[in-house]
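Enquirer: Could you look at this predicted model? Sequence included:
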Amino acid sequence: MSDSSVLTAESREKVGTRSSRALRSEGRIPATLQAEAGNAHVDFSINEREFLASRRHHVHLYDIELAGDKHTAVVRELQWDTFGDSIIHIEFRRVTRGVEIESEVEIQTIGQADGVVNLLVSHLTVSSLPSMIPDKLEITVTGLEEGSILKASEIVLPEGVTLVGDADADIATVFGTRVALVEEEAEEEVEGEDTEPESEDDAGK
C-alpha cells in the first residue's frame, strides 16, 4: 500500500448537474472537500485517470493541490452512477498526518462454511492513521457449522488498526447446512421439470 498520492485539483466555478456532466465528459470527476471547524466547503474537480490509478495502488491518503494550497484528505464518500460503473462525485474529508481517525471498512468473508453465512453488518468502524486504513476486513468462515455466531473480536485486524465499538457484537451467523442446501436445490430443479407447461403439440394429442 502506498502512503499517499498527490491529486492536482481545479476549482469549480459552477456546480450543478450540467456542469458536472461537462466535467465528466472531459475525464474529470467533480469533488468536494467537506466543511469543518475553521475550514470552508470547497468545490473542485480531479483527473479521473489519476484518481483511479491511486485506487488500484490501494491509496487512502491524498494530498490535494488546489490553487496553491495543499489539503491532506481521505475519501469520505464515493457516488457511483446507476450501473455502478463510473464515479460521478467524490466527497473528501480533511485529516492530519500522524493523527488517527475513525473510518468504516467493509467486511468480507473468506472460505466456505457448512451452510449459508449471513452478515449482520456490512462494515465495521476502526481507528488508524489515515495512511493505514485497510481496504477491507476479512473473516474466515471455513468449516463453520449451522448455528455458529461470529463476533467482531474474531476479525484479525492489520497492524496499527484497532476496533471501535463492542468487540462482543455479533457480525455474522451461519444457518442451514451445505448438504441440505444441495438437496433443496435438487428438489427445486425436479419440481421445475414436473411443472413445465405443455407444448401446443402435446395439448392437441
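Expert: Cool, the structure landed. Residues are numbered from 1 along each chain as shown.
Enquirer: How about the secondary structure of the residue nearest to the spatial centre of the chain?
Expert: Nearest to the mean C-alpha position of the chain, counting by Cα atoms, centre = their mean, stands residue 106 at 5.5 Å. Judged by DSSP: H, G, I helix; E, B strand; the rest coil, the three-state class of residue 106 is strand.
Enquirer: which residues touch the spatially closest residue to it that is not a sequence neighbour?
Expert: Distance criterion Cβ to Cβ, 6 or more residues apart in numbering; nearest residue to residue 106, sequence neighbours excluded, is residue 136 at 5.0 Å. The way it works is simple: take the backbone N, C-alpha and C, and place the C-beta from them, glycine included. For residue 136, the contact set (Cβ atoms under 8 Å, 6 or more residues apart in numbering) comprises 105, 106, 107, 108.
Enquirer: which SS class is the nearest residue in space to residue 151 that is not next to it in sequence?
Expert: Excluding its sequence neighbours, the residue lying closest to residue 151 (Cβ to Cβ, 6+ apart) is residue 168, at 5.7 Å. Using three-state DSSP, the structure places residue 168 in coil.
Enquirer: for this structure, longest strand please?
Expert: In the chain, taking DSSP state E as the definition, the longest strand is strand 69-80.
Enquirer: tell me which residues of it are tucked away?
Expert: 71, 72, 73, 74, 75 (16 or more other Cβ atoms under 10 Å).
Enquirer: Show me what residue 119 is bridged to.
Expert: residue 172 (DSSP bridges).
Enquirer: Just to check, it is in contact with residue 155?
Expert: No. Using Cβ atoms under 8 Å, residue 119 makes no contact with residue 155, being 11.8 Å away.
Enquirer: any common contacting residues for these two?
Expert: Counting by Cβ under 8 Å, 6+ apart, the residues touching both residue 119 and residue 155 are 107, 171.
Enquirer: So for those two, which residue has more residues nearby?
Expert: residue 155 (20 against 14; other Cβ atoms under 10 Å).
Enquirer: Okay, now the unreliable bits of this structure?
Expert: Across the chain, residues meeting the criterion (pLDDT under 70) sit at 1-2, 178-205.
Enquirer: do that again at 90, thanks
Expert: Within the chain, the stretches with pLDDT under 90 are 1-4, 13-17, 35-40, 57-58, 112-115, 143-145, 156, 165, 175-205.
Enquirer: So which residues of it form strands?
Expert: According to DSSP E, the strands that the chain contains are 5-11, 28-33, 42-47, 61-66, 69-80, 87-94, 101-110, 116-119, 123-128, 137-140, 149-151, 162-163, 170-175.
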